[in-house]
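My questions are about this predicted structure, shown below with the sequence.
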Amino acid sequence: MKVAVIIPAFNAEATIASAIKSLLRQRDAAQLDIIIIDDGSRDQTCKIVREWMTSAPEIRLIENSHGGISKTRNAGLMALGEDIDFVTFLDADDISPDGRFRRDIAVLESDPAIDLVYAKVRFFDFEDQHALAPRTDANVVDGRVVQLGAGVFRRALLDRVGLFDETLVQSEDLDYLMRVFELRPNYYISDGIGVYYRKNHGGITEQRKQAQHEFMRALLRARKRRSKLAGFEMPKDVFSSDHVADLERWMK
């Protein structure tokens, strides 16, 4: 089985190596195609990726001028080879937990009717760079949230969904995941951690006013689509609100 990992990167020199190493340690679980799309970085991101490419043929680097997150993710989707079976995503400042692919791919291989596995997200602030995981003294919060890295998707499912909406500056992941579930796929909810999500004060999600605006735009588009989807409701077990209070306290 071959798994593509789409990584959008913009000025990620401080974290891109950890993201790469966290994937390469899982080589034994599947054949990997690590597609890193640089969105016009002005730092050493591309230089670091090229250095890793000399010893890791699984890595591909696509260098684009700055076009935003949706366009960058789309470049990754459009670069998928015909031999890809499964697809997942990883942001350049996040980490893929050790053993994640072996666990989630086993579910997909055990039942061809399952279209995707959706896991939990572990938010953290301080990294153990040796373990490629949150430090033992890090603040962590686990939750079921909108996060593309939480999912491992069959390639055929994403082909049906199509591309990201490039008019969305943020909440493109929310829009995309809602479109995924509007197709009524067969999904498996995992209790495992799918991604370690790094708290990053410089990230795009810190731009609160813009984030709220784009969030509402994504919800409005979903509402319009669902007027044509008779009887559709978002699954209640995919995203949960039981962790929201903890996250809001921590993210302030």
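Structure's in. What do you need?

correct me, but residue 91 touches residue 173?
No. If you go by C-beta atoms under 8 Å, residue 91 and residue 173 don't touch, sitting 9.5 Å apart. The way it works is simple: take the backbone N, C-alpha and C, and place the C-beta from them, glycine included.

which residues in the stretch 101-250 of the chain form helices?
Assigned by DSSP state H, counting those that start in this stretch, the stretch 101-250 of the chain shows helices spanning 155-161, 172-182, 208-226, 244-251.

what pairs with residue 124 across the strands?
residue 140, residue 198 (DSSP bridges).

Quick check: it vs residue 132, distance?
12 Å (C-beta to C-beta, to the nearest Å).

What of residue 218?
In terms of C-beta to C-beta, residue 218 sits 32 Å off from residue 132.

Show me which of these two is the more surrounded one.
Between residue 218 and residue 132, counted using other C-beta atoms under 10 Å, residue 218 has the larger neighbour count: 23 against 19.

So the nearest residue to residue 33 once chain neighbours are set aside, which state does it fall into?
Leaving aside its chain neighbours, residue 33 sits nearest to residue 4 (4.4 Å; criterion: C-beta to C-beta, 6 or more residues apart in numbering). Judged by DSSP: H, G, I helix; E, B strand; the rest coil, the three-state class of residue 4 is strand.

distance of residue 4 from residue 99?
For residue 4 relative to residue 99 (C-beta to C-beta), the value is 19 Å.

So for those two, which sits in the more crowded spot?
Neighbours were counted for residue 4 and for residue 99 using other C-beta under 10 Å; residue 4 has more, 25 against 14.

which residues sit in contact with the more buried one?
By C-beta atoms under 8 Å, 6 or more residues apart in numbering, the residues touching residue 4 are 32-35, 76, 80-81, 84, 86-88, 155.

Tell me which of those residues fall in helices.
Counted as lying in helices by DSSP state H, out of the contacts of residue 4, are 76, 155.

For PyMOL, write the select line for the buried members of the contacts of residue 4.
If you want just the buried ones from the contacts of residue 4 in PyMOL, going by 16 or more other C-beta atoms under 10 Å, the selection is:
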select buried, resi 32+33+34+35+76+80+84+86+87+88+155
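
From the contacts of residue 4, pick the one nearest residue 11.
Nearest to residue 11 among those, counting by C-beta to C-beta, is residue 76 at 17.7 Å.

ok, the closest one to residue 110 distance?
If you go by C-beta to C-beta, the gap between residue 76 and residue 110 works out to 27 Å.

ditto for residue 19
Applying C-beta to C-beta to residue 19 and residue 110 gives a distance of 28 Å.

Look at those two and report which has more neighbours.
Each of residue 19 and residue 110 has its neighbours counted (other C-beta under 10 Å); residue 19 has more, 25 against 9.

Now name the helix or strand holding the more buried one.
Residue 19 is located in helix 16-24, with elements delineated by DSSP states H and E.

Go through that helix and flag the buried ones.
For helix 16-24, by 16+ other C-beta under 10 Å, it's 16-20, 22-24.

tell me the contacts of the residue nearest to residue 30 when sequence neighbours are not counted?
Spatial nearest neighbour of residue 30, chain neighbours left out: residue 3 (4.5 Å); criterion: C-beta to C-beta, 6+ apart. Residue 3 is in contact with 30-33, 84-88, 101, 105, 152, counting by C-beta under 8 Å, 6+ apart.

about what we covered before: give me the pLDDT value at the residue nearest to residue 33.
At residue 4, the model reports a pLDDT of 98.

Over to residue 195?
Reading off the model, residue 195 has pLDDT 98.

residues contacting the residue nearest to it when sequence neighbours are not counted?
Counting by C-beta to C-beta, 6+ apart, residue 195 lies nearest to residue 149, which is 3.6 Å off, once chain neighbours are set aside. For residue 149, the contact set (C-beta under 8 Å, 6+ apart) comprises 88-91, 94, 96, 121, 194-195, 197.

separation between residue 149 and residue 54?
26 Å.
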